[in-house]
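Peer 1: take a look and give me a structure for this.
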Amino acid sequence: MGLRKGIEEIFGDKAFYQRCQWHKRENVVSHLPEKYRDSFRKKMQAAYEKQNYVTAKRSLLVNERELKWINESAVRSLQEGLEELLTLHRLNLFAKLGTSLKTTNAIENVNRLIENVIGKVCVWGNSNQRQRWVASAALELQPRLRKIKGHQFLIELRSKMRQITRNEDFNVLAGAA
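Peer 2: Next comes the predicted model:
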């Protein structure tokens, strides 16, 4: 089962997703002719770095309009999951947690470190054995892991997520209509 599917099965429509902005940016620009790529990388990055939801979304929509004249596949790529690129913005936590949570770098680093520990194991007796190896590797790596930047704001993140799921209105905190 994929991570997203598992989250959806447990949390349903109450789930929060923050897409990796780097991967989305690179996916969008991969559809463009070479002469436009650097320009749109910079434009998308500038949009991501806006500090509030309304200005970040407005900036991404300007990019979308410009892309329509260049490549429709790039437009569709940007549109797919657009709101999930701005989850931290909608929660008004991008400035506090964006450095670590706007990309998948943190989890990719853990995955790479675990792979370094268990990557040479060729024979798994069963799935339980594999799970034990992964858990053991994670415990071994734990002392070497650093806290994410803004970790002190994770309590605020949890609080806002709880407030929104109780109100069942994501726009309550975003100030967006």
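Peer 1: can you pull out the helices in this structure?
Peer 2: Listed in chain order, the helices of the chain (DSSP state H) span 3-11, 21-30, 34-48, 53-68, 72-79, 82-85, 87-90, 94-101, 105-118, 127-141, 154-167, 171-174.
Peer 1: hey, which of those helices is tucked in deepest?
Peer 2: helix 87-90 (a mean of 24; mean count of other Cβ atoms under 10 Å). No exception for glycine: its C-beta is placed from N, CA and C like everyone else's.
Peer 1: by contact count, what packs against it?
Peer 2: helix 53-68, helix 94-101, helix 171-174 (3 or more Cβ pairs under 8 Å, 6 or more residues apart in numbering; DSSP states H and E).
Peer 1: what's in contact with the longest one?
Peer 2: When contacts are taken as Cβ atoms under 8 Å, 6 or more residues apart in numbering, the neighbours of helix 53-68 outside the stretch itself are 28, 32, 40, 43-44, 46-50, 74-75, 78-79, 82, 85-86, 89-90, 92, 94, 174-176.
Peer 1: burial check on the closest residue in space to residue 99 that isn't next to it in sequence, number of neighbours?
Peer 2: Closest residue to residue 99 apart from its sequence neighbours, by Cβ to Cβ, 6 or more residues apart in numbering: residue 149 at 4.4 Å. Neighbourhood size, residue 149 [other Cβ atoms under 10 Å]: 14.
Peer 1: list phi and psi for the most far-flung residue of the chain relative to its centre.
Peer 2: In the chain, residue 125 marks the outermost C-alpha relative to the chain mean, sitting 34.0 Å out by Cα atoms, centre = their mean. For residue 125, the backbone dihedrals (degrees, to the nearest 10) come out as phi -60, psi -40.
Peer 1: ok, residue 33 to residue 12 distance?
Peer 2: Per Cβ to Cβ, to the nearest Å, residue 33 is found 41 Å from residue 12.
Peer 1: returning to that earlier point: worst mean pLDDT among the helices and strands packed on helix 87-90?
Peer 2: Ranked by mean pLDDT, the helices and strands packed on helix 87-90 bottom out at helix 171-174, which scores a mean of 50.
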